[in-house]
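S.K.: Build me a structure from this.
(one chain, ligands or ions: 3)
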Amino acid sequence: LFRHENVHAVQQEAESIVTALSAPLSVSNGETLYPEFRVGIALAPRDGSKADELIDRARQALAHPTNRQAAFFSKAVDIQMQEDRRLESALREAIENDELEFHFQPVVDTGTWRVVGFETLARWLHGPDGKPVPPGRFIPIAERSQLIVALGALAMEKSVWQAAQWAKDGHTGLRISLNVSASQLRHSGFLKDATALLKPGGVALASNRIAFEITESLLVNNIEETRKLLLQLNQLGFLLYLDDFGTGWSSLSYLHTLPFHTIKIDKSFVRPIAEDSKIYGIARTIQACADMLELDVIAEGVENHAQLALLQQMGCRNVQGYLTGRPVSAHEATRLLEGKAVIPMTGTD
Ligand code: C2E
Ligand code: CA
Ligand code: CA
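M.R.: Ligands and ions are numbered 1, 2, ... in the order given. Model prediction:
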């Protein structure tokens, strides 16, 4: 097999081969045979670069006692896969037992210095070892296992409920944004869950206060299907943010053919903005593009005043980052809105 992106893709491919080969066989005397297969896997160039080397390693993987249908040669990879499985079942339990939390990172208007919205970020504070598991670790596992659908539904329910509560307490006009993964968006229940929010008896929050953050990589596959869905969400009044802008294909055609409301300039353009004039040039061009298309811009990952000054200079009104506030619990976010916790203006310069 060639050019697989990661070991999980290889594993899946191997398992589907096993499934295909394991179909019962009827033989001429009327008996049915149930074949069993296992696959040994070696990866080039890591496990070897010649065919006989690879076959040899794959045989060794096969000889390794395991109850799995597809076994890798490398111990390290095998251990990684086992660890992923362990995390996956712990995550399933954490979701079932409502142990995941959702934190809120403020988006701040640099003109008025007020909080204009929050991004919801999932937190798993007590993983299987009692320690926090970072989203960069558990979100990909959730995506591969479809747990992302339940996780996303929880995020939607909890953060929209929280935003409705804030609106009731007089903090109106805030926007709450939610990250949406590809497998989540493509799941048939997504539009239904989103629509359910707006039904009578649903939350008391207008749909134009709720944003879905979508990355470009999600648009690359199945563009037509995704376009249809985005248009439907837009028709229901939801806002769409283009997340991590600049890191994917950055096709400008997405910007004017899809109903986006906001571009989020990725941290990788914000981090070096004060040191690298070319990066600043790119950021300014993104801003100019957005202005022309009447899209809002949020700069992500703003950590210091030098970055902020340049972003303001180029006309970027909304920032999000450690300088103006880390992701915090709902309780802390409420204190921030009530003015009891100040937006820290002394960042790490
Ligand atoms: P993202 O959507 O790009 O979210 C922004 C990430 O940048 C968050 O990381 C946030 O904590 C971090 N961040 C914010 N300000 C700064 C800063 O000033 N400097 C730096 N270096 N980082 C900053 P986090 O919380 O670890 O989340 C990582 C990714 O996991 C998110 O990236 C998002 O793609 C995904 N994710 C998190 N929660 C959810 C969720 O509920 N659903 C889905 N589908 N994905 C989620
Ligand atoms: Ca995001
Ligand atoms: Ca982002």
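S.K.: Show me what from the stretch 201-349 of the chain comes close to ligand 2.
M.R.: 213, 243 (C-beta under 5 Å from the ion). Where you see a C-beta, it was placed from the backbone N, CA and C, and this is true even at glycine.
S.K.: hmm, 8 Å instead?
M.R.: Counting by C-beta under 8 Å from the ion, the stretch 201-349 of the chain comes close to ligand 2 at 213, 215, 241, 243-244, 264, 300.
S.K.: tell me the two of these that are most distant?
M.R.: Greatest spatial distance among those (C-beta to C-beta): Thr215 and Glu300, at 12.1 Å.
S.K.: Need phi/psi at the closest residue to Asn221 other than its chain neighbours.
M.R.: Residue nearest to Asn221 in three dimensions, not counting chain neighbours: Ala182, with 7.2 Å by C-beta to C-beta, 6 or more residues apart in numbering. Dihedral pair for Ala182: phi -60, psi -50, per degrees, to the nearest 10.
S.K.: What score does Ala182 have for pLDDT?
M.R.: pLDDT for Ala182: 85.
S.K.: For Asn318, see how far away it is.
M.R.: Between Ala182 and Asn318 the distance is 25 Å, computed by C-beta to C-beta, to the nearest Å.
S.K.: Specify which residue of those two has the higher count of neighbours.
M.R.: Neighbour count, other C-beta atoms under 10 Å: between Ala182 and Asn318, Asn318 has more, with 23 against 18.
S.K.: Strands of this protein, start to end?
M.R.: Using DSSP state E, the strands of the chain run over 25-26, 32-33, 39-41, 70-72, 101-109, 115-123, 175-179, 210-215, 239-245, 262-265, 296-300, 318-320.
S.K.: Dump those to TSV, plus mean pLDDT.
M.R.: Listed next are the strands of the chain as TSV, based on pLDDT from 0 to 100:
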stretch	mean pLDDT
strand 25-26	89
strand 32-33	86
strand 39-41	90
strand 70-72	85
strand 101-109	97
strand 115-123	97
strand 175-179	97
strand 210-215	95
strand 239-245	95
strand 262-265	96
strand 296-300	98
strand 318-320	98
